[in-house]
Each structure stands twice: as C-alpha cells, then as structure tokens.
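I would like the atomic coordinates for the input below:
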Amino acid sequence: MQDKISKDPPNVPNDLPDSAVDLIWLAGMIKAWGKELGFQDICIADAGAEMRQAELGLLEWLSKGYHGEMDYMAKHGTRRTRPAELVPGTLRVISVRMNYMPPAARNSWQVIRDGDKAFVSRYALGRDYHKVLRGRLQKLADKISAEVNHFNYRVFTDSAPVMEVEWAQKSGLGWRGKHTLLLSREAGSMFFLGELYTDLPVPVDDPVGNYCGSCTKCIDICPTQAIVAPYRLDARRCISYLTIEHKGSIPETLRPLIGNRVYGCDDCQLICPWNKYAAISGENDFSVRNGLDNASLVELFSWTREEFDARLAGSPIRRIGYEQWLRNLAVGLGNAPSSTAVTAALQARRDDDSSLVREHVQWALQRHDAR
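The predicted model follows:
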C-alpha cells in the first residue's frame, strides 16, 4: 500500500502489519466516504467467492426461457459470476445501496386501486437512477484514487453483466427475498444497488442471514403469478418485464391482469413486511416529476411525442420510447372503468401510425364494447 494512506487507523490491533492496517483503514474510509456521498450502506465482498450455485441457477433459469427477450442475460456467459473475466484483476466487489422512496408521493395502493389513474413504479417517478448512482460511485472512486496510487476499478449501476443481488448478498448488504430482490432488515427493498469492481484487497464483510421465513406474501400477491417458486421469477409473466423490457405485443391473456400498471409493478414489494422499514429518500433527484405519482391514464395518453420527450427527459421511463409508452397506457385504459373520456381517448388513437399502438387500442375498445 502506498505511503499516501499510511495514516493511523482507529481501533486497529497494534500487532497487524502496516499494509494490513492500511487496508483496514481504507475499507473503513470507503464506507465513510460512501455515506457522505449519499449511500445508505456500503459492504465489500471477495470477488473470488464461490458463485457456483448462482452460476448453475442462472444457467437453469436461462434454459427454461424465463429471461424472455432479454438476450443480454445469456450472451455474457460466466462473466456475470466471475468478475475477473469482466474486469481483469478484480479482487473485491464494493456494493452500495441508495434509498429511492420519493417524499410526498401518493400512496401506491390508492393509485393501484383507482382504475382511472396510471401506476408508475415508485423508483421511476424522478430522475434516472443510472445517472445518479453512477455519478456518486465515480466520486467514491475519485476519493479512493486520491489516497491510493495504481487503483484499478470499474463502476456499475444495473449495467453490464453483473449479478447485483448476488454480490450485494455476499457482501452483507442483505439477503435475496423470495421475490428475487435484495432485502435488508433496516431498509426493506426500496433501494437501488450499485457496484465498484476493484483490485484493492481490502477486508471483506460477512453475509447476513435470510429472514423471509415461511412468508409467501410476495408470491401470493403477484398479479400475473410471475414468481413461479420462491426465489424464481418467470420474467415473461412479470409486469415490470412486460411494460419495460418487452418490445412487442403484450400477450392478450396477461393484459387484463396488468390493471393500471403502466411502467413497472411494485406489488411484491408493497406487500412485503420488511418494507415497513423502507425509508423516504433524501435525494432531490428522486422527487416526483410531472405528477407521475397520481396522473390519470387519459391525461398521459394525450401526450404528443414531443411532450413525451420533453417531460420525461432524464427519466428512466424515456428509454422505453413513445410507442411502448402508448402501448402500456392503452392496456391500462382497456382495464379502466368505462367512461366517455376513456372511450374518446382510445378512439383518438385508433388510427395511430404505430401498428403496435393500434392493436392495443383496438383490444381496449373491444373490452369496453363488451361491457
């Protein structure tokens, strides 16, 4: 370790070698810097840790086709579970979490039960989290670089072939819940994850236990029964996948089950007992924009392409594109209570330039005609 970090670390045994003392000090400082930058927790995993079970589980999941159209899940092979194959020299995975629950957002269940409203997953109500977390992780890397020479690293935020939940679990940030998301006893699951791969051999943290017990609330409440077994998700049935990742026509059998969820789905998180500990985010970037916590389906369906691009600039929603956005809203309108306003909104787009939008509008109109 370089002279730049040869400071006296607090609470360190006197008989440790200087290099070990420096590494212990550095690990503590990484966590302190991370919290200064807005992360609620930071833990460190050994990049060489056994990932055989996770690797086998991923291969089985892919073999069943549960990834749907997400071909990127298959094409990177073992680089997902072997960090050194993705970033040569990686010794540690530093995992971070950042709360995203926006302040002053309308209660999620109230919106979901109001058929005229459009439910948007609470993580997507503000600014794109990719940009926020990536920027903070880069600042963390810069702080480390200021102390350590020859520091190699790479920052990830839901990007590249990284098994975020597995590494977060191994680092001690939490455990994988039966809905497949990471859970924390202190924060539930309403948070983002990010990683920093590094060649610094800093001390690692211990994993925590699994505290789901016999609870199956997340499995039972899933509108489309996408959680086919504990810890096993069939993405092809998942509303988050269907409204975000899936580019084509949404299967007709699943459309009525989607309800008014037009971007993502939070049901499995909302019902989880651990999310009584989910904390409101202090990040202004995650505050509600464009009234998306309580917007009506008719209002959003009236947006022009120019309005969509302008209003959702910097939002994670913008990446699905206007056509897919209208497709999702058409499904929501098809499931909405019948009214003159709903029918008029759908009629206005029955000759839309997009065949995908026309198909879902026609389905929605037929739903209301049938009533």
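
which residue ranges form the helices in the stretch 151-300 of the chain?
Assigned by DSSP state H, counting those that start in this stretch, the stretch 151-300 of the chain shows helices spanning 164-171, 217-221, 239-240, 255-258, 267-270, 297-301.

Export these as JSON lines, with columns for mean pLDDT, distance to residue 70 and mean neighbour count.
Quick note: C-beta positions are derived from backbone N, CA and C, even for glycine. Shown next, in JSON lines, are the helices of the stretch 151-300 of the chain (pLDDT from 0 to 100; distance: least, Cβ to Cβ, whole Å; neighbours: other Cβ atoms under 10 Å):
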{"stretch": "helix 164-171", "mean pLDDT": "96", "distance to residue 70": "15", "mean neighbour count": "24"}
{"stretch": "helix 217-221", "mean pLDDT": "98", "distance to residue 70": "21", "mean neighbour count": "17"}
{"stretch": "helix 239-240", "mean pLDDT": "98", "distance to residue 70": "11", "mean neighbour count": "23"}
{"stretch": "helix 255-258", "mean pLDDT": "98", "distance to residue 70": "19", "mean neighbour count": "18"}
{"stretch": "helix 267-270", "mean pLDDT": "98", "distance to residue 70": "19", "mean neighbour count": "22"}
{"stretch": "helix 297-301", "mean pLDDT": "98", "distance to residue 70": "26", "mean neighbour count": "23"}
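
Out of the ones you listed, the one nearest residue 103 is which?
Proximity to residue 103, assessed across the helices of the stretch 151-300 of the chain by Cβ to Cβ, is greatest for helix 267-270 (17.3 Å).

Name the nearest residue to residue 263, ignoring sequence neighbours.
Nearest residue to residue 263, sequence neighbours excluded (Cβ to Cβ, 6 or more residues apart in numbering): residue 120, at 4.6 Å.

contacting residues for the one you found?
In this structure, residue 120 makes contact with 262-264, 292-293, 295, 317, judged by Cβ atoms under 8 Å, 6 or more residues apart in numbering.

residues in contact with the residue positioned nearest the centre of the chain?
In the chain, the centroid-proximal residue (Cα atoms, centre = their mean) is residue 192; its distance is 5.8 Å. Residues near residue 192 by Cβ under 8 Å, 6+ apart: 97-98, 100, 123, 129, 132-133, 157-158.

Turn the helices of the stretch 151-300 of the chain into TSV, columns for distance to residue 47.
Formatted as TSV, the helices of the stretch 151-300 of the chain follow (distance: least, Cβ to Cβ, whole Å):
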stretch	distance to residue 47
helix 164-171	8
helix 217-221	30
helix 239-240	29
helix 255-258	39
helix 267-270	29
helix 297-301	43
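
Can you find the helix or strand of this structure with the lowest average pLDDT?
The helix or strand of the chain with the lowest confidence, counting by mean pLDDT, DSSP states H and E, is helix 72-75 at a mean of 79.

and after that helix, which helix or strand comes next?
Next along the chain after helix 72-75, taking DSSP states H and E as the criterion, comes helix 83-86.

Pull out the CA atoms of that following helix and give them to me as PDB.
What follows is helix 83-86, C-alpha atoms only, in PDB (Å, rounded to 0.1, in the frame of the first residue of the first chain):
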ATOM      1  CA  PRO A  83     -15.800 -10.600 -12.100                       C
ATOM      2  CA  ALA A  84     -12.200 -11.100 -13.100                       C
ATOM      3  CA  GLU A  85     -13.400 -12.300 -16.500                       C
ATOM      4  CA  LEU A  86     -15.200  -9.000 -17.000                       C
END
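
Return the set of buried residues in that helix.
By 16 or more other Cβ atoms under 10 Å, the buried positions in helix 83-86 come out as 83, 86.

Kindly report the same for stretch 74-85.
By 16+ other Cβ under 10 Å, the buried positions in stretch 74-85 come out as 79-81, 83.

State the number of residues packed around residue 183.
Per other Cβ atoms under 10 Å, the neighbour tally for residue 183 reads 27.

How about residue 284?
With other Cβ under 10 Å as criterion, residue 284 counts 10.

Residue 44 falls within a strand, correct?
Yes. Judged by DSSP: H, G, I helix; E, B strand; the rest coil, residue 44 forms part of a strand.
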